[in-house]
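Chemist: Sequence and predicted structure below; questions after.
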Amino acid sequence: MDKFTKFLKDNKDVFLLFILSRLLLCAILLITRQSYSDVILLFDAEHYRNIAHIGYTEEYMAACFPVIPIIIRYLGDVGMLIINHVAFLFSLYFFKQILIKLKFKTKVSTILSVVAFSPLLLFTSLEYTESLFFFFTILTFYLFVIEANPLILGIVMGLSVATRNTGSLLFFAIFVGMLMKMYQEKSFAKWIRYIVITYIPATIISLIYPVFLQIRFGNWKLFMDCQYGYWLRMKSDIFKTVLVSLKVVFTDEYQFDGAVDTIVIFKINEALSLLLMGLLIFLIIKEAVRMRRASKVSVESTVAIIYSALFLIALCMTIRDPLYNAPTACYYRYYASLFPIYLWIGRFGEKTVQIFMLLNVLLTVFTASLFCLGVFFF
């Protein structure tokens, strides 16, 4: 048996789940009677395409990081879609390798199914950042776990930041993980060299976009500042975010445009955001407790905890103005692209993970159907 045939045989679950996820998307398109060619034009795709064709001509465009527009500019829309589909396929593969490496007890294919049928199913099929961001962060974590070539690790890490700014949070978490390994192994020279070789390319790639913004608009942090104007955001924190979300769900304080259907959709949106926020906090605490009971500090778990905690804090730093729009700090698709959630769901037993998978399918079908129908719900 040649290596390629063996590779296909060993990873048939990855290919099968990928194909089934694409078939579920086809079913959603049939149910909603929408064409794929129309759906890929919706919402944020318009901004990425505009930037690809005319460049960063307006300050509000700075919120869109450059990797997606660059690919569209040089490979076209079809090229971008192909890359996103392939990136998701490889994300499933590398996620499987992480599960094997970290010796998860629950059946690997069951955990993979939670990822495959998550809301990523839709957004990895569009000209959005989810697919490449998920791929780059998964690959970064995998390369760190296996202590791969530091130059390659640095390049991949830098690309994750260039795809979406929250990649910088994993950037920091991995650095802490390397310091922990240096301390545990007492190999100071080895890890200092590893850190330097990793973070030189990672830092250079990460700084390209802020430097461009400084040259183009005179403001290196415009990708953050523009959120307060065009994107109708205001400063917040996790406590204020939860309070405002609860008010949206359980009171009529925020009427938006007064339309009943809009108010209902925003209430559902806030309820989902609160549930996902609660799930993430629960999983972070559960993983920390598990590590404490094991009486052994796991570097990989620590990195995942730091990344997730910073991710949650960063998402709650701003919320949309609740008088004008859904005030949620983070749409459900952002939680879907946070890979530690799937790792920690995998800590549960087989039946519990299967329940998570079924819930994910329901969430995906419901939200993806609304998206395909052009409802602002993401």
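Modeler: Sure, I can see it.
Chemist: What does the pLDDT read for L243?
Modeler: Per-residue confidence at L243 stands at 93 (pLDDT).
Chemist: host element of it?
Modeler: Using DSSP states H and E, L243 sits within helix 238-250.
Chemist: Following the chain past that helix, name the next helix or strand.
Modeler: helix 260-293.
Chemist: name the helices or strands packed onto that next one?
Modeler: helix 238-250, helix 299-315, helix 332-336, helix 339-345, helix 350-372 (3 or more C-beta pairs under 8 Å, 6 or more residues apart in numbering; DSSP states H and E). (Each C-beta comes from the backbone N, C-alpha and C, glycine too.)
Chemist: quick one: buried residues of the second one?
Modeler: Looking back up the chat, that one is helix 299-315. Neighbour-count burial for helix 299-315 flags 299-312, 314-315 (criterion: 16 or more other C-beta atoms under 10 Å).
Chemist: Also the last one?
Modeler: Residues of helix 350-372 classed as buried: 353-354, 356-357, 360-361, 363-365, 367-372 (neighbour count, 16+ other C-beta under 10 Å).
Chemist: Please give me every residue in contact with the closest residue to V361 other than its chain neighbours.
Modeler: Distance criterion C-beta to C-beta, 6 or more residues apart in numbering; nearest residue to V361, sequence neighbours excluded, is F117 at 4.8 Å. When contacts are counted by C-beta atoms under 8 Å, 6 or more residues apart in numbering, F117 touches L20, S21, L24, M357, N360, V361, T364.
Chemist: Retrieve the pLDDT associated with F117.
Modeler: 96.
Chemist: go on, the one 10 residues further on?
Modeler: As summarised for this prediction, E127 has a pLDDT of 95.
Chemist: Now I319. Its backbone dihedrals?
Modeler: Note on I319: its backbone torsions stand at phi -140, psi 160 [degrees, to the nearest 10].
Chemist: so how far is P119 from the spatially most central residue of the chain?
Modeler: Central residue of the chain (C-alpha atoms, centre = their mean): S337, 2.3 Å from the mean position. Distance from S337 to P119, counting by C-beta to C-beta, to the nearest Å: 9 Å.
Chemist: same question, S160
Modeler: Distance of S160 to P119, computed by C-beta to C-beta: 19 Å.
Chemist: how about the helices in the stretch 1-150 of the chain?
Modeler: Ranges of helices in the stretch 1-150 of the chain, per DSSP state H, counting those that start in this stretch, are 3-10, 12-32, 36-39, 44-54, 67-101, 108-116, 120-123, 130-145, 150-163.
Chemist: Now render these as TSV, adding mean neighbour count and distance to P327.
Modeler: Below are the helices of the stretch 1-150 of the chain laid out as TSV (neighbours: other C-beta atoms under 10 Å; distance: least, C-beta to C-beta, whole Å):
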stretch	mean neighbour count	distance to P327
helix 3-10	10	46
helix 12-32	16	27
helix 36-39	14	26
helix 44-54	17	19
helix 67-101	18	26
helix 108-116	23	28
helix 120-123	25	21
helix 130-145	26	22
helix 150-163	23	26
